[in-house]
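Asks: All I have is the shape, not the residue letters:
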């Protein structure tokens with residue numbers, strides 16, 4: 001019965017992504033396209049690797065962590081002022097991320113695929129982590145908080161505790177905590193400056 005909690009988590013994350021997409025379309029949030037594209041690819045690879053290793057319900061949050069970013073990536077093309085200008089460092093991180101995916105493609109092992117998917121996702125996150133720290137007003141906290149809730153539901157659905165079922169959800173919890181805290185900094189600064 002607890003495995004159905006992942007469906008609730010998926011719905012929550014979808015609501016958070018919808019909020020982020022709305023902010024992207026209005027231009028008040030500026031997503032980094034390299035990050036959001038690669039955030040959609042790496043979790044999909046981890047999803048298929050986990051499914052091939054026999055993981056079932058607990059992989060839904062991992063799938064959603066790729067599906068949502070793909071929607072954000074698409075939305076960033078609608079409003080020309082809604083995306084973050086890419087710099088050389090963004091492309092280097094993107095290249096490292098793609099290299100990790102290629103290395104996984106060569107190995108074809110589910111555990112190796114998950115390791116490389118985590119590495120790829122992590123490299124893809126670096127530009128947004130830096131942007132969130134330096135320019136927190138260009139981000140919205142909602143998708144990271146809902147992503148944290150969504151990825152946390154994986155643990156309720158895990159029936160076999162092994163690397164394939166636990167690794168990517170643990171990574172997602174960590175990265176969403178990190179991004180939430182950096183983006184949330186703008187709300188703390190806003191309250192402090194207005195007091």
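Replies: In hand now; what should we look at? Values in this document were obtained by computation on a predicted structure and should not be read as measured data.
Asks: Does anything pack onto the one helix or strand in the chain whose mean pLDDT sits lowest? Which helices or strands?
Replies: Within the chain, no helix or strand scores below helix 88-107, which has a mean of 74 by mean pLDDT, DSSP states H and E. When contacts are defined as 3 or more CB pairs under 8 Å, 6 or more residues apart in numbering; DSSP states H and E, helix 88-107 sits against helix 33-52, helix 110-134. Glycine gets a C-beta too; all of them are placed from N, C-alpha and C.
Asks: Turn these into JSON lines, including distance to residue 61.
Replies: Below are those laid out as JSON lines (distance: least, CB to CB, whole Å):
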{"stretch": "helix 33-52", "distance to residue 61": "9"}
{"stretch": "helix 110-134", "distance to residue 61": "14"}
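Asks: Pick the most deeply packed of those helices.
Replies: Mean neighbour count (mean count of other CB atoms under 10 Å) peaks for helix 33-52 among the helices and strands packed on helix 88-107, with a mean of 23.
Asks: Can you give the distance of it from its chain's centre?
Replies: Helix 33-52 has its C-alpha centroid displaced from the chain centroid by 9 Å (CA atoms, centre = their mean, to the nearest Å).
Asks: packing partners for it?
Replies: helix 60-75, helix 88-107, helix 110-134, helix 163-194.
Asks: angle of the longest one against helix 33-52?
Replies: In this case it means helix 163-194. 150 degrees (axes from the mean of the first three to the mean of the last three CA atoms, to 10 degrees).
Asks: returning to what we had before: mind checking which of the helices and strands packed on helix 88-107 is nearest residue 168?
Replies: The closest of the helices and strands packed on helix 88-107 to residue 168 is helix 33-52. By CB to CB, the value is 4.5 Å.
Asks: report the angle between the axes of the closest one and helix 60-75?
Replies: Using the same axes, to 10 degrees, helix 33-52 lies at 150 degrees relative to helix 60-75.
Asks: can you give me the angle helix 33-52 makes with helix 110-134?
Replies: Helix 33-52 and helix 110-134 are oriented at 150 degrees to each other (the same axes, to 10 degrees).
Asks: any idea of the mean pLDDT for helix 33-52?
Replies: Helix 33-52 shows a mean pLDDT of 81.
Asks: Please apply the same query to stretch 133-140.
Replies: In this model, stretch 133-140 has a mean pLDDT of 82.
Asks: tell me the pLDDT at the residue nearest to residue 96 when sequence neighbours are not counted?
Replies: Counting by CB to CB, 6 or more residues apart in numbering, residue 96 lies nearest to residue 123, which is 4.2 Å off, once chain neighbours are set aside. Each residue has a pLDDT score; the one for residue 123 is 83.
Asks: go on, the one 5 residues further on?
Replies: Note for residue 128: predicted pLDDT of 83.
Asks: Report the rounded mean pLDDT for stretch 162-170.
Replies: 89.
Asks: and the angle from the least confident helix or strand of the chain to helix 33-52?
Replies: Here the directions of helix 88-107 and helix 33-52 differ by 20 degrees (the same axes, to 10 degrees).
Asks: quick one: residue 56 from residue 160, how far?
Replies: From residue 56 over to residue 160 the distance is 10 Å, taken as CB to CB, to the nearest Å.
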